[in-house]
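Chemist: sequence? don't have it. structure:
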């Protein structure tokens, strides 16, 4: 596959942190689509499927110690191959991999932020 055939995606991302938790929302957008919109094209038919996660404290601290965190992840995936009573096994495997890898990346960032991407 040549580089001309590859689809380049950009992640639009918003990060928000308060005393109640941290929130990350992101949405992949094809670079060509974003370029079209930025050059005056209509965004009417552009599908943006935001996903994200939140990290919240797991209850109040006791005796100055930490109680841990709760992580909630949400993903929106465009799928035309499944229907109400059937989800293809390869789609299930892809979703499992996405959730597992995302959880591992969040865990790595929380416990060792200097080693991201290794």
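Modeler: Noted; the coordinates are in hand. All values reported here derive from a predicted model rather than from experimental measurement.
Chemist: Would you mind listing the buried residues in the helix or strand that contains residue 104?
Modeler: Using DSSP states H and E, residue 104 falls within helix 89-111. Along helix 89-111, the positions that meet the burial threshold by neighbour count (16 or more other Cβ atoms under 10 Å) are 102, 106. For every residue, glycine as well, the C-beta is placed using N, CA and C.
Chemist: Also stretch 16-28?
Modeler: Within stretch 16-28, the residues scored as buried using 16+ other Cβ under 10 Å are 23, 24, 27.
Chemist: would TSV of those with distance to residue 52 and pLDDT be doable?
Modeler: What follows is the buried residues of stretch 16-28, written out as TSV (distance: Cβ to Cβ, whole Å; pLDDT from 0 to 100):
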residue	distance to residue 52	pLDDT
23	7	94
24	5	94
27	9	92
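Chemist: Nearest to residue 58 among those residues?
Modeler: Each of these was scored against residue 58 by Cβ to Cβ, and residue 23 proved nearest at 16.1 Å.
Chemist: in stretch 70-89, what counts as buried?
Modeler: Applying 16+ other Cβ under 10 Å to stretch 70-89 flags residue 71 as buried.
Chemist: Quick check: mean pLDDT of that stretch?
Modeler: Averaged across stretch 70-89, the pLDDT comes to 87.
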